[in-house]
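# Quick one, what's the 3D model for this:
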Amino acid sequence: MDIDWICQRVMLTETESLLEYRIMFEGRYMMRNILIIVSDQLSWKALPVYGGIAKTPNIDRISKGAVAFDQCYTPVPLCMPARASFWSGVYPHETGVLSNIGGHAIPAGLPTIGEVFKQAGYDTVHFGKTHDAGALKGFLCEEEGSLEVEGTQAWPVSKDTKRDRFTTEKSVAYLEEIRDSEKPFFMIVDFVNPHDICSWTGENKGIHDDVNPGCPLPPLPPNFEFDDIENRPDAVKYICCSNTRQAQASEWSSESFRHYLAAYYHYIHRVDAEIGLVLDALEITGKYEDTLILFMSDHGDSMACHGKVTKAVDFYEETNRVPFIFNFPEYRNQPSRQEHVLTSLLDLFPTLCSYVGIEHPTMLRGENLMPLIMEKEMLDREYIIGQWYSERNFSISPGRMVRTKDYKYTYYIHDGEELFDLVKDPYETKNVAGHASYAEQMERHRRLLKDHIEKTKDNFMDLYWQELNDDLRWRSHEIGYGKHRGPSVGEVGKGLVRG
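Numbers count the residues shown, from 1 in each chain. Predicted coordinates for the structure are as follows:
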C-alpha cells in the first residue's frame, strides 16, 4: 500500500509535531481522519452536556470523553454569513457575505479550510446543507436532496427534515465506500435540523389552537418575560417588524411558546437520530478509532427567551452561543471536560490545521485551541466579536457585539447600545449601558470595539441607513413583540427600509 504521500506531508512538520495526533501504520506515521457534524440553529443551552434537557443520546456519545467549549460564539447568528465565515476563517465583513441573500460569494483568492486540507492530501467531502457562498471550495459537495419522512399533527416536517434523511444515507454510503481506504478523509455532515422549527412557526402563525403533542410541555425560560424592552436599541425593540417569524409569533399565548419549545426539542431529537446512524457507520466501517469527531452549530435559537422565536438581529446568548465539542480519539478514555473560556467558530480552521500539522493561512482571525486542549497553555483572549447586518436585506441594522469575560456590549448604528453584566444578570434582562456605575466598563468596551474595527479594517462605521421613507407600519406600534400586528417588512418585501 502506497502511503508515501502521507509520510512526506507529515514529516514537513515533524519538528513541531503534537505526537498525540499521529497513529502508526506499518511503522510509519499516518494522519487522523476528521468528521465534522453540523446541526443548524442549535443553541448550546439545549444540550445535556451544557445542562440542557433535549433528548440527545447520540450527541451525548460524542460528548463522552470529549472537550466541550461552553462559551463558543458564532461570528454572526445567521446561516450563510456564519458558514462563509467559519469555513474561511475570517469575519463576515472580510468575506463580504453579510446576509442570507444569494448571489454573494467570498473573494476568489481567500483560502478555505477545504482547499488547505485537500492540498495536504485529504479526501475532502461534504454532505448536506451548503449555504456557504463559496466557502466550501476544496470539498467535493454531494448534491443536496431529500427523502420522504413522516411527521405528526403536532410536529409536521418540511424539506429540512427530509433533506437530513438524504444527507444521512449519502454519508453512510460514503463511509461504506471508503471502508478499506487508508487515505485520510475530512468529512462534513451538515444537517439542517432543528431548523425545521422555522417552518413550524409559520404553520402556527398568529392566533391558533395548539395541537396536543401527547407529552409534557417544557417550562418557559426564566427570561421569557422581562420588563426592560424599552431600554433596548430600536433594532431589538422592533425585531417583530424586521423578522418574519417573530411577527408570526406576535399573537401567541405563553402556552404557544411552550409548544414552540416542545417542537424545537422534537426536531433536535430527530437530528440526533440521524447523527446516531452516521456514528454507527463510522464504527462499523472501522474508522471510529482513527477519527476526530467535532460537533458544532452555525448559530443558535431564541428558545422563547425574551419572548422570541428563531433568530435575527440580537446578540443574546441563546442565538449567538453554540456547541463546540471535540472528541479526539487520543483522549476518549479520559473523563469528559468543559473549557470555560471565550472561543469562536473562527477558531475551527487554525485548530484543525494544528491538530494534523498543517501550516494555516496567515490571515485567519481565530486562535489555535490545541495547546489549551492538550492542557499545555491557557488561552489568552480578552474578547470575542459578533456581527450583524441584515437577514435578507429588507431591513438593515448594522450591529457589533463585544463579549468579554463578564460582560457583553452591543452597538447598533443609530439605534443604541447595550451592556449586560453577565455575572449578575446571565439572562440579559437588564441593559445597564446607561447606569453611572458601569461607565468605566462602557468606555472599556467601546475602546475594544474601536480597536478591533481598526485592526481588522472593519467598515462597520460606514454602514449607514439607506435614505428611504419608512412605512408607518414599521417600528410605529407600541413597544413589545406581542403588540405587533400584520406582516413584517420581510413578508411584504418593501425593499431596503430601516427596521
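# which SSE is Q153 in?
Under the criterion DSSP states H and E, no helix or strand holds Q153.
# Surely it is in contact with V211?
Yes. Contact criterion CB atoms under 8 Å: Q153 and V211 qualify, at 5.2 Å. Placement of C-beta: from N, CA and C, glycine included.
# Distance-wise, check P77 relative to L345.
The spacing between P77 and L345, counted by CB to CB, to the nearest Å, is 11 Å.
# Between those two, which has more neighbouring residues?
Between P77 and L345, P77 has the larger neighbour count (other CB atoms under 10 Å), namely 31 against 25.
# Look at the more buried one and tell me its secondary structure.
Here P77 is coil, with the state taken from DSSP: H, G, I helix; E, B strand; the rest coil.
# pretty sure V423 is touching V432, no?
No. With contact defined as CB under 8 Å, V423 does not count as touching V432 (11.7 Å).
# The two: which is more packed in?
V432 (19 against 9).
# Which residue comes closest to the more buried one once chain neighbours are left out?
Leaving aside its sequence neighbours, V432 sits nearest to Y438 (CB to CB, 6 or more residues apart in numbering; 4.8 Å).
# contacting residues for that neighbour?
By CB atoms under 8 Å, 6 or more residues apart in numbering, Y438 lies in contact with L419, D421, V432.
# Can you pick out the ones from those that are in helices?
Within those, no residue falls in helices by DSSP state H.
# closest to A304 among those residues?
D421 (22.6 Å; CB to CB).
# and the closest one, bridged to which residues?
Going by DSSP bridges, D421 is paired in beta bridges with Y407.
# Where does the nearest residue to F117 once chain neighbours are set aside fall, secondary structure wise?
Distances taken as CB to CB, 6+ apart put F186 closest to F117, at 4.7 Å, once the chain neighbours are dropped. Taking DSSP H and E as the criterion, F186 maps to strand 185-191.
# cool, and V157?
Going by DSSP H and E, V157 is not in any helix or strand.
# What about the closest residue to it other than its chain neighbours, how many residues nearby?
In space, V157 comes closest to G151 once its chain neighbours are excluded; the distance is 3.7 Å by CB to CB, 6+ apart. Using other CB under 10 Å, G151 is surrounded by 15 other residues.
# ok, now Q441?
That count, for Q441 with other CB under 10 Å as the rule, works out to 18.
# sec struct for it, please.
What three-state DSSP gives for Q441 is helix.
# Check H269 too.
Using three-state DSSP, the secondary structure recorded for H269 is helix.
# What is the burial count for the closest residue to it other than its chain neighbours?
Of all residues not flanking H269 in the chain, K55 sits nearest, at 5.1 Å (CB to CB, 6+ apart). When counting by other CB under 10 Å, one arrives at 14 neighbours for K55.
# Let me know the pLDDT of K55.
As predicted, K55 sits at a pLDDT of 98.
# ok, it touching A273?
No. Taking contacts as CB under 8 Å, K55 lies outside contact range of A273: 9.9 Å.
# Distance from the chain centre to stretch 64-73, please.
Mean C-alpha position of stretch 64-73 versus that of the full chain (CA atoms, centre = their mean, to the nearest Å) differs by 14 Å.
# Buried residues in it, which are they?
For stretch 64-73, a neighbour-count test (16 or more other CB atoms under 10 Å) marks G65, A66, V67, A68, F69, D70, Q71, C72, Y73 as buried.
# ditto for stretch 151-167
Those would be 154-158, 160-167, for stretch 151-167 by 16+ other CB under 10 Å.
# and what of stretch 269-283?
For stretch 269-283, the neighbour count (16+ other CB under 10 Å) marks H269, R270, V271, D272, A273, E274, I275, G276, V278, L279, A281, L282 as buried.
# What of stretch 197-204?
Buried, per 16+ other CB under 10 Å, within stretch 197-204: I197, C198, S199, W200, T201, N204.
# quick check, the second one in a helix?
Yes. According to three-state DSSP, C198 belongs to a helix.
# which residues touch it?
Counting by CB under 8 Å, 6+ apart, C198 makes contact with Q41, D160, R245, T310.
# Which residue, other than its chain neighbours, is closest to the residue nearest the centre of the chain?
Centroid-nearest residue in the chain, with CA atoms, centre = their mean: D298, separated by 2.1 Å. Leaving aside its chain neighbours, D298 sits nearest to A82 (4.4 Å; criterion: CB to CB, 6+ apart).
# what do you get for L463?
Spatial nearest neighbour of L463, excluding adjacent residues (CB to CB, 6+ apart): P398 at 4.0 Å.
# OK, contacts around that neighbour?
Taking CB under 8 Å, 6+ apart as the criterion, P398 is in contact with W388, Y389, Y412, I413, F460, L463.
# What pLDDT is listed against the fifth one?
As summarised for this prediction, F460 has a pLDDT of 89.
# For Q441, see how far away it is.
21 Å.
# Also E318?
23 Å.
# Could you do E317 as well?
Here E317 is placed at a distance of 18 Å from Q441 (CB to CB).
# Same check on T112?
For T112, the distance to Q441 equals 37 Å [CB to CB].
# For E274, which non-adjacent residue is spatially closest?
If the residues on either side of it in the chain are set aside, E274 comes closest to T168, at 4.5 Å by CB to CB, 6+ apart.
# Name the SS class of S99, please.
coil.
# check contacts around it.
By CB under 8 Å, 6+ apart, the contact list for S99 reads L78, M80, P81, Y389, S390, E391, R392, N393.
# Dump these to a markdown table, plus secondary structure.
Compiled in a markdown table, these are given as follows (three-state DSSP):
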| residue | secondary structure |
| --- | --- |
| L78 | coil |
| M80 | helix |
| P81 | helix |
| Y389 | coil |
| S390 | coil |
| E391 | coil |
| R392 | coil |
| N393 | coil |
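# export those to JSON lines and tack on distance to G51 and neighbour count?
Shown next, in JSON lines, are the contacts of S99 (distance: CB to CB, whole Å; neighbours: other CB atoms under 10 Å):
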{"residue": "L78", "distance to G51": "26", "neighbour count": "26"}
{"residue": "M80", "distance to G51": "30", "neighbour count": "23"}
{"residue": "P81", "distance to G51": "29", "neighbour count": "32"}
{"residue": "Y389", "distance to G51": "32", "neighbour count": "20"}
{"residue": "S390", "distance to G51": "33", "neighbour count": "23"}
{"residue": "E391", "distance to G51": "29", "neighbour count": "26"}
{"residue": "R392", "distance to G51": "34", "neighbour count": "17"}
{"residue": "N393", "distance to G51": "37", "neighbour count": "15"}
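# Enumerate every residue touching the nearest residue to K311 once chain neighbours are set aside.
Distance criterion CB to CB, 6+ apart; nearest residue to K311, sequence neighbours excluded, is T319 at 4.3 Å. Listed by CB under 8 Å, 6+ apart, the contact partners of T319 are S43, P77, H299, G300, D301, S302, K311, A312.
# Can you pick out the most distant pair from those residues?
Across the contacts of T319, the longest distance by CB to CB is 14.1 Å; it joins S43 and A312.
# How is G482 assigned, secondary-structure-wise?
Going by three-state DSSP: G482 is helix.
# Could you do E318 as well?
Classification of E318 using three-state DSSP returns helix.
# again, but for H259
helix.
# Excluding chain neighbours, what is closest to it?
Distances taken as CB to CB, 6+ apart place D210 nearest to H259, at 4.6 Å, with adjacent residues excluded.
# which residues touch that neighbour?
So D210 contacts N204, E255, S256, H259 (CB under 8 Å, 6+ apart).
# how many other residues sit next to H452?
Residues lying near H452 (other CB under 10 Å) number 16.
# Just to check, it is in contact with G386?
No. Counting by CB under 8 Å, G386 is not a contact partner of H452; they are 11.1 Å apart.
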